[in-house]
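*Asks:* coordinates only, sequence not included:
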C-alpha cells in the first residue's frame, strides 16, 4: 500500500492527484509536488469508495469543512443525512462526522457512503461515548479506535497527539482551561491514570495505522485557546511545537498531515499564529476552527469565524472549519449548517481572491456584469446561495429590471439617464 | 452659533463633548482635542432635541450606522419605526433615514423625534424623489434641500461634493459604472445640464449652511467602486483627492467632516484604501460602507461586509455603515436590520479589541469566565444579541449546566474530571 505522499515522493502521479488537480484547474504535477513537499494533502482513504478527491494546502483554493453529527441529546440519522446533504449542496469541501450519540458505527457507515467529499472523524469521541468511566479506558483503545475508523474508509482523523503531561501545569492559569472535547478527555485521562497520552507515546504505531489506510492525520489542537485571553499562551505554543515535530515524523513515514489551529484569537494575533504554525510545522496545511475574533458572538459565531477565517486564510491557512450560529449554545440544525457553510465559503473565497488564486475573481466579475446589465436570473444563479437570493428576490415584488431597495432610483438606471422612464 | 469644532478650536469643552466623552470613559479634553484636530466628529445639530451625542473618529470605539427608510415600493412609517427601534435596541450608534417613498418630511420628523442616536440623511434623495425629471432640477435645489434637512435637526448629511465633471470620462471603463444613487443622479444631472456639480461649485454656500446648524458633513463617495474590479480605480481616487481638499476647506470654516469610502474592495486592497484616505483627507474620520470583500454574497452581504469592516476598522476606519442580508436584492425588513446591526457590531468590536481600546476586551473576558463557570444566564446576558442567544439556548432543551452540543461531553466538565458524574 502506497500513500499519496509515498507516490508523490516516488514521482508518481496517482488518479487521486489527477482528479484533485482537475478541480483546481492545475496540472497534476503541482499537486504531486505539494504532496511531496508536505504543503498539500489529498485525503483519500482507498476504503472511501465514492470519494471525489480534493487537495488542501498551498496553491489551491482554500477549503472549508462542515462538522455534522449527533449528540447525546439529539440522535437522528435522518437529521444528520439532511445536514450532510445541505453541507454538500451549499459548498462544503469536506465533512466531519462528530457524532457522540446513538450507534456511531451505523451513523458513520451511512454518512460516509453518501459523502463524495473527504470525510473526517475524531475517533476519540467514540472512545468517550463508549466508555463508562475514565478508569476503564485503556491506552490502547485510543489507537484501536483510529484503526477502526480507518477501516471504515475515513479520509482524515483528528488525533490530539500533542497534548502531553508536560503541558498540564501550563493550563492552570487559563481562563477557560481546555475547550477541545478530545483534549479535555485526554488531560482528564492522563491525570487519572498518571500516564502519558497514548497518541503521543505510541505515535509510531499510529503512523503505521495511518500509513496502512492512507488516512491523513489532522493533528488536533487539544489545547487550543477557548477565549481571546488564553490565545497564543504557553500551553498552546507548547503543543504547536510538538505538532511540528510530529508532522516531520509523519512525513518520514509517508503519512499525510494537517495541523489544527485555534479557536479564539484576537484579530491582531491571527497573522502571528499562522506564521508560528508555518515555522514550527514546516508549512504543513493549517486547518483552523474559525478563528473567532471575539468571545461574545454567541448566536452569530459564524460571522466572528468568517472574519477570522478570511484573515487567517489570507495569511496562509488552507482549511477553514466552519462555525455555525449554534456554536456555544446548542447542536446545530440544518439551517445552522447552511449559515455556517456559506459564511465560511465567503471567507475562503475572499481569501482566494486576495491570494490571487487563478480564476477566483472571475466569479465576482461575472456577477458584477450581471448587476450592470440588470440581469436578475444571472445574479441569482451567481449568488453564493442561489436559493436564499431567489427567496429574497421573490419577496422583492419588483419590476423585472429593478428591486424594492431603490426602485426607479436604481443607480444603474439613473446613471444611464433612465431616470424619467 | 458656534459649532462643536469652533468650540474645540477655542479651547472650550461643550456639554456634547462631555456626554460623548462619558460614553467612551475618556476625559472630555480628549474629545475636544480630536475635534480641533479634525480626527473626531460629534454630530450634534442643536435642533435634534433628544440627541445623546457620540464621538466618531480616532481613539474612540468604532461606531456603526444602520440605514433605514422607505422605498417607492414600500412605504410605511410603522415599519420604519420598527426598524429604528430594532437598530437602536441591537446597538446601532447612528441611524440614517434614506427614505425615497412616501411623505419624506413627515417620515423624517417622526423618526428623528424617536432617535437619541446621531441621525443622518442624504438630502439629494429628496430632490430625486420630488423631481419629475432631470430637466426641472435647478442647481440651487441641492443646497436648499440640505438646509431644509438641517432645519429639521439632522445631525449629519451625506453630500456628494466630490463628483465632478472631470471624473465623468474616468467612468467609461468601469464594470458597474456608478452605484451610489446620489452619485448617479449627479452624473446624470451634470451630463443633462452640461453644468458642474452644484454641491462642488457652491461648496462655500454649503459650508455656511452646515456651520449655521452644526450639521456634520459626510462627504459622500458618489464614485465608489460597485465591484471588486472597479476598486481603487482612477475615478475613485480622483474623487477621494477632491474630498481631501473639501475636508480642509470645511475645517477652515469650523465645519465638522467625515469622509465616506467603499463599497466593494478586495481584502488585500483595504489597508491601502484606508491609508490613502488618511493621507488625502488628513486623518478625517473614515466612514466605510462594508466594505464587501466579494461581489457574490447576495443574501449574506452582512457577512462580506463584516469581514471588510473588521479589517478596515483595524486599519483605521472609524465608522462602519452596516450592510444587511437584503443588500443587492430588496429593501431590508426588521430582521435584516437586526442581522446587519449585529454583524457590524461584531466587526467593530473585533477592531476595538485589535486597536487596544480600553475596556473593549473586558466584555470578552466576562463572557469567557461565565463560560468556564457554566453560568448560562450570564452567558446569555453577555451575548451580542441576548434575544437570539436565549432563543437558541431555549431550543437546546439541555440540563442547567450543559447544552445539546456536547451534553455530558462538555469540555469544561470533562476537563474537571466530571466525566462520570
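*Replies:* Structure's in. What do you need? Values in this document were obtained by computation on a predicted structure and should not be read as measured data. Numbering: from 1, shown residues only, chains lettered A, B, ... in the order given.
*Asks:* tell me which element the nearest residue to residue A:292 once chain neighbours are set aside is part of?
*Replies:* Counting by Cβ to Cβ, 6 or more residues apart in numbering or on different chains, residue A:304 is the residue found nearest to residue A:292 once chain neighbours are left out, at 4.4 Å. From N, CA and C alone the C-beta is placed, and that goes for glycine too. Per DSSP states H and E, residue A:304 falls inside helix A:301-315.
*Asks:* how distant is the helix or strand just after that helix from the center of its chain?
*Replies:* Next along the chain after helix A:301-315, taking DSSP H and E as the criterion, comes strand A:319-321. Mean-position distance between strand A:319-321 and its chain equals 3 Å (Cα atoms, centre = their mean, to the nearest Å).
*Asks:* who touches strand A:319-321?
*Replies:* Residues from elsewhere that reach strand A:319-321, judged by Cβ atoms under 8 Å, 6 or more residues apart in numbering or on different chains: A:56-57, A:62-65, A:67, A:94, A:96, A:258, A:285-290, A:305, A:309, A:312-313, A:344, A:347-348.
*Asks:* circling back to that earlier point, quick one: the helix holding residue A:304 to helix B:301-315, angle?
*Replies:* Helix A:301-315 and helix B:301-315 are oriented at 60 degrees to each other (axes from the mean of the first three to the mean of the last three Cα atoms, to 10 degrees).
*Asks:* and helix A:301-315, what does it pack against?
*Replies:* Other elements packing on helix A:301-315 under the criterion 3 or more Cβ pairs under 8 Å, 6 or more residues apart in numbering or on different chains; DSSP states H and E are helix A:270-280, strand A:286-289, strand A:319-321, helix A:334-354, helix B:301-315, helix B:334-354.
*Asks:* do that again at 7 Å, thanks
*Replies:* Counting by 3 or more Cβ pairs under 7 Å, 6 or more residues apart in numbering or on different chains; DSSP states H and E, the packing neighbours recorded for helix A:301-315 are helix A:270-280, helix A:334-354, helix B:301-315, helix B:334-354.
*Asks:* what residue ranges in chain A are flagged as low confidence?
*Replies:* Applying pLDDT under 70 to chain A flags residues A:398-399, A:421.
*Asks:* how does it divide into domains?
*Replies:* Per automatic domain parsing, the domain ranges recorded for chain A read A:38-354, A:376-419.
*Asks:* could you check how far the spatially closest residue to residue A:179 that is not a sequence neighbour is from residue B:358?
*Replies:* Nearest residue to residue A:179 in three dimensions, chain neighbours excluded: residue A:226, at 3.1 Å (Cβ to Cβ, 6+ apart). For residue A:226, the distance to residue B:358 equals 24 Å [Cβ to Cβ, to the nearest Å].
*Asks:* how about the strands in the stretch 1-150 of chain A?
*Replies:* Using DSSP state E, counting those that start in this stretch, the strands of the stretch 1-150 of chain A run over A:40-41, A:56-57, A:63-68, A:94-97, A:119-121.
*Asks:* and these: which comes nearest chain B?
*Replies:* Counting by Cβ to the nearest Cβ, chain B lies closest to strand A:63-68 out of the strands of the stretch 1-150 of chain A; the figure is 10.3 Å.
*Asks:* neighbouring strands for that closest one, and are they parallel or not?
*Replies:* strand A:94-97 (parallel), strand A:319-321 (parallel) (DSSP bridges).
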